[in-house]
Each structure stands twice: as structure tokens, then as C-alpha cells.
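# just coords:
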Ligand SMILES: [Cu+2]
């Protein structure tokens, strides 16, 4: 008796599950964020493993996961942030919306969206982290 009543329901659930599994890649075509590892280091420099000069290249509006590891330099903010990360358009230093991160010690993932407009951008530290803070920057290039 019980088996009889459960079986059709179970079958219906399997159909739903299989259908969802099939269509979800189309519903979320960009759900696979590219992971970019960045080190915000104790010498007030951004570093990317394997790159001599750190640079991020992205497609317009590309979804990126920034996996940032922060190590304390000399000084920190009162809130405990040891570095920051903001994005400015190179030609007029206009800040890009959504890019204003404060970094605590350790590794954290940030889900970001690259700018829509192709061009050159500058990533800058926003925490006065040491006397070398002014030099804490790197490039981001948006290319179609
Ligand atoms: Cu810094």
C-alpha cells in the first residue's frame, strides 16, 4: 500500500531533479567564476602567483572571484583592516562601483564583477599600511 503511494511521487521528484540538473547550466551560464589569487603582502605590494608584475585581465562584466590573502605591513586601520582594494578607471581616476574592499588578515574570497567598459583600470590600496603604501597598486585591463 505504502509503496504504491510513494512510488509515483518519487518518480516525479526524480523527473524534477533531472530536469533541474539539465537546465541549470543554461540558467546560470556564468556561475563558474574565474578565481584570481592575490597576495596583499606585508611589504605593501599586491602580488599574483606566477606574475612578475601583477596584472588582471578580464572580459567586460566578467564575474571574478578574488581570493585575497592579506598580510599585515606596518600599520592598520582602527577597524582591523590591514590593506584595502579599490578600482579606479585609469583615464580619470573614477572609482568603479562595487570595488571597495577592506582586507583583514588571512584569506578571503570576494565575488566581483569586472567593469563593463573596456580599458585600463588601477587597483589601489585604501589603507595607510606603511610608508610604502603609495606604491601599493596594480593594473586591471578589461578587453573584449
Ligand atoms: Cu596597503
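Ah, there it is. These figures come from a predicted structure and were not determined experimentally.
# can I see the domain layout of the protein?
As assigned by automatic domain parsing, the chain contains the domains 1-29, 34-142.
# Now render the ones you listed as CSV, adding mean pLDDT and mean neighbour count.
Bear in mind the C-beta positions are built from the backbone N, C-alpha and C, glycine included. Below are the domains of the chain laid out as CSV (pLDDT from 0 to 100; neighbours: other CB atoms under 10 Å):
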stretch, mean pLDDT, mean neighbour count
domain 1-29, 65, 9
domain 34-142, 97, 16
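# Between those, which one is closest to the ion.
For the domains of the chain, proximity to the ion was assessed by CB to the ion; domain 34-142 is nearest, at 3.2 Å.
# what about the closest one, near the ion?
Yes. Using CB under 5 Å from the ion, domain 34-142 comes into contact with the ion via 44, 83, 125, 129, 136.
# Quick check, the last one in contact with residue 43.
No. Counting by CB atoms under 8 Å, no contact exists between residue 136 and residue 43, whose distance comes to 9.1 Å.
# Could you measure from residue 51 over to residue 124?
Between residue 51 and residue 124 the computed distance is 18 Å (CB to CB, to the nearest Å).
# again, but for residue 47
Residue 47 sits 15 Å away from residue 124, taking CB to CB as the criterion.
# what does residue 115 give?
15 Å.
# can you check residue 118 too?
Taken as CB to CB, the span from residue 118 to residue 124 is 20 Å.
# Repeat that for residue 74.
Distance from residue 74 to residue 124, counting by CB to CB: 18 Å.
# what about the strands in the chain?
34-40, 46-47, 55-58, 63-70, 83-89, 95-103, 106-113, 119-124, 137-142 (DSSP state E).
# Which strands border the fourth one, and is each parallel or antiparallel?
Strand pairing for strand 63-70, determined by DSSP bridges: strand 34-40 (parallel), strand 106-113 (antiparallel).
# angle of it against strand 83-89?
Relative orientation of strand 63-70 versus strand 83-89 (axes from the mean of the first three to the mean of the last three CA atoms, to 10 degrees): 140 degrees.
# Need the residues that contact strand 63-70.
30, 33-40, 56, 58, 82-83, 85, 101, 103-114 (CB atoms under 8 Å, 6 or more residues apart in numbering).
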